[in-house]
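In: Need the 3D shape of this:
(2 chains)
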Amino acid sequence: MTSPGIQVEAVGLLTGWGAGVAALPASAHDAAAGRASILLPRPPLDGERFRRATRECLLGVAAVEAMLADGGLSRESIRGTGTALIFVTAAAYGASNVEWLAGRAGTLHFPYTAPSVLPGEVAIEFGLTGPYVILIGGPTATVDGLWQAGRLIMNGQCERALVLAVETFEECEALWRRARWTVPGPLVESTTCVLLGPGDVRPVFHPVSADAALGDEVQTRAGCTLACAPLVALALARAADRDTALVGGAWRGRAAAIELAVAGQPARL
Amino acid sequence: MRPSSGSTSSTCGAQPLPPEPVAIVAAGVVTPIGLDLDAFWSGLLAGADGLSVIERFATDDLKIRRGGEIKKLPAVAQAVRSRAAALLVAAATDLAARASLEAEPARIAVIVGTALGGVEELDHALTLDPTPRRALDGLYDSPAQALATWLGACGPVLTVSSACASGATSLGLGADLLRDDVVDLVVAGGYDVLCRFVMRGFDALRSLARERVRPFDRRRTGLLLGEAAGLVLLARERDVRGPRLGRLLGHGSASDASHIAAPDAHGRGLESAIRAALAAGGVSVDDLEFVSAHGTGTVLNDRIETAVLKRVLGARAGAVPVNSIKGAIGHTMGAAATLEAIMCLLAARDGWVPPTVGYEEADADCDLDYVPGACRALRPRRMLSTSLGFGGCNAALVLEGAV
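Out: Numbering: from 1, shown residues only, chains lettered A, B, ... in the order given. Below is the predicted model of the structure:
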């Protein structure tokens, strides 16, 4: 079924500062106290299936769990072909790639070097068999992902969409330090999941002309979260009970933004 | 090309039904069997074998040392620092020689798919080159950024990484950007480099063929990897003046949600992706006249893919030719789906379908018409291309040759 628009129905947010927007400091720079990066530890998820899974994969699962808690939703409500999964990251594949390159990992680690395996693990865990898109990049890629998620919902290709972003830095901190002019510190490891559902308000996509300063509030409070930043902005908007949010950012010379409706009430799927 | 309004914002999903046709205007490639589109195409039709002993990096510690390696890049690409970006520049040079890329720079998008991105540069950054520039080259989106810079494109630059299905999704997203009037032109496609990182991985997983790649053959033992880049120029059909290769009618994707490194045993995700692509394009399965299969040559993939095609095509399954070009060029990962889509459109243009190189002996589990032996005189009009990748990714494209 097609829909005239979309809306944000739930947001799960975990950062190196803690769970949710309440954990974000007023100033990430001050709170970092000179640390280059803020670690988000491996979530304590048990079970044989997760024995080989990387920290990044588990962070993806944890973000979806946090989103379900925020929306008061069950796992069953997102299972199946009706849910699209959009995954975005600028850097979360770095840790597994470095492990493989260094020869420290066994054969069965190799598939985890593919960025597509993180959303693959999330899809397995929650039984998500709908459409997917996997984009690599910073905040602009997340804006592109939100656009695509909205398109899938409005065209009736899915009933709802999860937009998931994960960023980790610890294992590649030395490389990021080399390129520090591209990423204002502190680097804050984050995982964020936004649930989009049908709504009345059509999103407005600004693919290249947005204000590059849009992500400044997120940068100030959360620090550098790369692809997570627009989703952190949506979490802030939802916490502030705003009806709409214009979120975006800049990455590698391009700025982009998207304006979305934000539902104030817990989702009802 | 007739640029449209030049607006820089867009409401999403504002498409009429059926979806606005998107033209595939032209293509450019660099592959192990040919450094441009004409050489690639003649090689496919001739049943060329582009798989050879790898020379560019050490393979002494590997069980399998063969792959689809491009021995010498075109001159235009030889000065490019990263091999991944060099492949894209080579393919873009070929594309630019075949079609005009004139549009407002902010209205030109670049969307490329990759399984490996700049991972070879990451290796260099860790071991050989401590410069900041090399560290940035290691990001998976760096080759796409380099291509956009080379093209002078200032619109959206997207890197898709759904493993070996990436080159299909990139074309689908490109068509969506055009349908939403976000841009006027899209350079879309896929690439990947044959490097030690990925050879070590597939060698360790024992997924590589001990001898030649034999898609759908009873004696198949696995895949061999290759490197390539394939790019197409997409535009709204109504904006195109002059010849085009064909149309992208529909794109579909679906997650398996069953295993991170093996296809779903019943191929449910692949079937969903195919049906979604057909629905998106408003195409009946009865209209399909040719299938370009993922056809890796692994025991599992080829059996599952055959079973899915038989379910989808129904009673017509035996009558619809199915081929795989991976026996000729290897599995080119992020480039594979784009090259296979291009192959479909060339088949429709010239009235010849390339053979499945390496296929000789029938398998009881793989009992379709795999175009054995030599290329076949056939001009398919509507075609299906299928792709699968790590993470349970499945993608399908429905294509139409130029009328």
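
In: For the residue lying closest to residue A:254 once chain neighbours are set aside, give me its contacts.
Out: Spatial nearest neighbour of residue A:254, chain neighbours left out: residue A:140 (5.1 Å); criterion: Cβ to Cβ, 6 or more residues apart in numbering or on different chains. Where C-beta positions appear, they are placed from N, C-alpha and C, glycine not excepted. Counting by Cβ atoms under 8 Å, 6 or more residues apart in numbering or on different chains, residue A:140 makes contact with A:248-252, A:254-256, B:156.

In: okay, these in TSV with neighbour count and distance to residue B:53 next?
Out: Below are the contacts of residue A:140 laid out as TSV (neighbours: other Cβ atoms under 10 Å in any protein chain shown; distance: Cβ to Cβ, whole Å):
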residue	neighbour count	distance to residue B:53
A:248	27	49
A:249	29	46
A:250	19	46
A:251	26	40
A:252	19	38
A:254	24	42
A:255	21	47
A:256	29	45
B:156	29	40
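
In: With secondary structure and distance to residue B:58 added, can I get those residues in JSON lines?
Out: Formatted as JSON lines, the contacts of residue A:140 follow (DSSP: H, G, I helix; E, B strand; the rest coil; distance: Cβ to Cβ, whole Å):
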{"residue": "A:248", "secondary structure": "strand", "distance to residue B:58": "45"}
{"residue": "A:249", "secondary structure": "strand", "distance to residue B:58": "41"}
{"residue": "A:250", "secondary structure": "strand", "distance to residue B:58": "40"}
{"residue": "A:251", "secondary structure": "strand", "distance to residue B:58": "35"}
{"residue": "A:252", "secondary structure": "coil", "distance to residue B:58": "33"}
{"residue": "A:254", "secondary structure": "strand", "distance to residue B:58": "38"}
{"residue": "A:255", "secondary structure": "strand", "distance to residue B:58": "43"}
{"residue": "A:256", "secondary structure": "strand", "distance to residue B:58": "42"}
{"residue": "B:156", "secondary structure": "coil", "distance to residue B:58": "39"}
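
In: Need these in JSON lines (columns: pLDDT and distance to residue B:358).
Out: As requested, the contacts of residue A:140 are exported to JSON lines (pLDDT from 0 to 100; distance: Cβ to Cβ, whole Å):
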{"residue": "A:248", "pLDDT": "94", "distance to residue B:358": "48"}
{"residue": "A:249", "pLDDT": "92", "distance to residue B:358": "47"}
{"residue": "A:250", "pLDDT": "92", "distance to residue B:358": "48"}
{"residue": "A:251", "pLDDT": "94", "distance to residue B:358": "43"}
{"residue": "A:252", "pLDDT": "93", "distance to residue B:358": "41"}
{"residue": "A:254", "pLDDT": "92", "distance to residue B:358": "43"}
{"residue": "A:255", "pLDDT": "93", "distance to residue B:358": "48"}
{"residue": "A:256", "pLDDT": "95", "distance to residue B:358": "44"}
{"residue": "B:156", "pLDDT": "97", "distance to residue B:358": "39"}
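
In: Of those, just say which sits nearest to residue A:115.
Out: Among the contacts of residue A:140, residue A:251 lies closest to residue A:115 (Cβ to Cβ), at 16.2 Å.

In: these two touch, right, the closest one and residue A:90?
Out: Yes. At 7.3 Å, residue A:251 counts as touching residue A:90 under the criterion of Cβ atoms under 8 Å.

In: any residues in contact with both of the two?
Out: Counting by Cβ under 8 Å, 6+ apart, the residues touching both residue A:251 and residue A:90 are A:137-138, A:141, A:226.

In: and those near chain B, which?
Out: Counting by Cβ under 8 Å from any Cβ of the partner chain, the subset of the shared contacts of residue A:251 and residue A:90 that neighbours chain B consists of A:137, A:141.

In: Can you check what pLDDT the model gives the residue nearest to residue A:254?
Out: With respect to pLDDT, residue A:140 scores 96.

In: Sticking with it, tell me its helix or strand.
Out: Residue A:140 is part of helix A:139-154, with elements assigned from DSSP states H and E.

In: With that, I have no additional questions.
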